[in-house]
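Visitor: Okay, predicted coordinates and the sequence, questions at the end:
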Amino acid sequence: MPVYLDHAATTPMLPAVRDAYVAALDLVGNPASIHAHGQNAKRMLEEAREQVAASLGCDPIEVVFTSGGTEAVNLGVKGLFWARNAAGASRPRILVPRGEHHATIDTVEWLATHEGAVIDWLPIDAVGRIDVAAVDSALREHDDIALLTLLWANNEVGTIQPVGELTALAAAHGVPVHVDAVSAYGHLPVSLRDSGASAISISAHKIGGPLGIGALALSRSATVEPLLHGGGQQRNVRSGTQDAPGAIAFGVAAQHPLSSLEPLRDRLIEGVLASVEGAVLRGDPEHRLDNNAHFTFEGCQGDSLLFMLDMAGISASTGSACQAGIPEPSHVLLGMGLTEADARSALRFTLGHDSTEADVDALLAALPAAVERARRAGYSDRAV
Ligand SMILES: Cc1ncc(COP(=O)(O)O)c(C=O)c1O
């Protein structure tokens, strides 16, 4: 089997989750139905909501199940924007740091195109940390801010943001904060209550849960306009028959204890830096997700290296999106001030609950030759 080092993209299901999920597929009954079948499904769904709430530092009533992280981010960002602009209010401004996930970028850009939103793109520094002073001055300067939205931890370079500091600044100006915690959840303690955020997005498939379910933890004191209209489920915030089996499986994944991957990550980072000349660790070396190791490899194209490693039985990621099949330089790395050539030379390795020392050692054995070959491929590209 190839070695899987792309857990930030999606994780294998935990065995206990799989067992619970398979059993729950036999559930009969819509949780909104009042008969015994429906009430049984509802009881199990609400137990799952309690488990997810416990993992998120919020009350069960504050958990809104969604179809995943993307929907949660859309609901959090659009929902807060619309609610803040209801009843004649005019707060078109959204504060967004550079380097956010496309779930956020594309959502705010859609709001700008279709709903008159004004986007203030805020700087990040050379390791991907949000510039707190820039957020502070934007909050002081404008009184038409709908919301601040930010990543808890960057999904490409693993940099952890000073969330509490930023929510405290926003609170002083009465500005709600949405936090995309999809990559942080399961690796860091994520708490709605302690963070001071109004809404937090998470996704089950990043923590050993199933695909197709996520949640928005939405503070009782926050108001969002729904994206979906229909049966009025989940406090009328997210209509649609609820996915009891998905939620049950999510609930099991949510109970999985946080266990630090830091020693394994550090073995990987130290090994790569020692064995590959021209490898540079990107992101914050200190405030960094325990499962993330992200490098640029001077003189390589990240996608060539990805291919070489794939041939050698290692699955990794460039971490950035493709546009119509053409690899784009990462907007995160460009935002951190890297050149386009450096940004194109990136590769991300992300660990998960099933990662082992043998996986890291297999990478370290294959990487130097793969980099060498990718560098040669890069040079021949340039010659033609
Ligand atoms: C930071 C971040 N936000 C949002 C998402 C979207 O989550 P989902 O795949 O559950 O829609 C991802 C997934 O890659 C992510 O890494």
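Guide: Good, I have the coordinates. Numbering: from 1, shown residues only.
Visitor: Could you look up the SS state of the nearest residue to residue 155 once chain neighbours are set aside?
Guide: Leaving aside its sequence neighbours, residue 155 sits nearest to residue 183 (Cβ to Cβ, 6 or more residues apart in numbering; 4.1 Å). All C-beta atoms are positioned from the backbone trio N, CA, C, and that covers glycine. Classification of residue 183 by DSSP: H, G, I helix; E, B strand; the rest coil places it in coil.
Visitor: which ones are touching residue 183?
Guide: Residues counted as contacts of residue 183 (Cβ atoms under 8 Å, 6 or more residues apart in numbering) are 8, 101, 151-155, 158, 206, 289.
Visitor: Redo these as a markdown table? Include distance to residue 355.
Guide: Below are the contacts of residue 183 laid out as a markdown table (distance: Cβ to Cβ, whole Å):
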| residue | distance to residue 355 |
| --- | --- |
| 8 | 12 |
| 101 | 22 |
| 151 | 23 |
| 152 | 21 |
| 153 | 18 |
| 154 | 20 |
| 155 | 17 |
| 158 | 15 |
| 206 | 14 |
| 289 | 13 |
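Visitor: Show only the entries of those found in helices.
Guide: Using DSSP state H, no member of the contacts of residue 183 sits in helices.
Visitor: which one of these has the most neighbours?
Guide: Counting neighbours by other Cβ atoms under 10 Å, residue 154 comes out on top of the contacts of residue 183 with 33 neighbours.
Visitor: Test my guess that it contacts residue 332.
Guide: Yes. Using Cβ atoms under 8 Å, residue 154 is in contact with residue 332, at 6.3 Å.
Visitor: okay, and the common contacts of the two?
Guide: Common neighbours of residue 154 and residue 332 (Cβ under 8 Å, 6+ apart) are 99, 128.
Visitor: sorry, back to before: sort out for me which of the contacts of residue 183 are in strands.
Guide: The strands, defined by DSSP state E, take in residue 151 from the contacts of residue 183.
Visitor: Of the contacts of residue 183, which are in range of the ligand?
Guide: Applying Cβ under 6 Å from any ligand atom to those, one finds that 101, 151, 155 fall near the ligand.
Visitor: ok, so what distance separates residue 301 from residue 114?
Guide: 36 Å (Cβ to Cβ, to the nearest Å).
Visitor: Same drill for these two, tell me which one is more crowded.
Guide: The neighbour comparison of residue 301 against residue 114 (other Cβ under 10 Å) goes to residue 301, with 20 against 8.
Visitor: quick one: contacts for the more buried one?
Guide: 327, 344-345, 374, 377-378, 381.
Visitor: How about the stretch 1-150 of the chain: which residue is closest to the ligand?
Guide: Using Cβ to the nearest ligand atom, the closest approach of the stretch 1-150 of the chain to the ligand is made by residue 69 at 2.4 Å.
Visitor: pLDDT value on that residue, please?
Guide: Per-residue confidence (pLDDT) for residue 69: 98.
Visitor: That one: how many residues sit nearby?
Guide: 26.
Visitor: which one is it nearest to, not counting chain neighbours?
Guide: Per Cβ to Cβ, 6+ apart, closest to residue 69 is residue 203, 3.3 Å.
Visitor: bridging residues for that neighbour?
Guide: Taking DSSP bridges as the rule, residue 203 bridges to residue 214.
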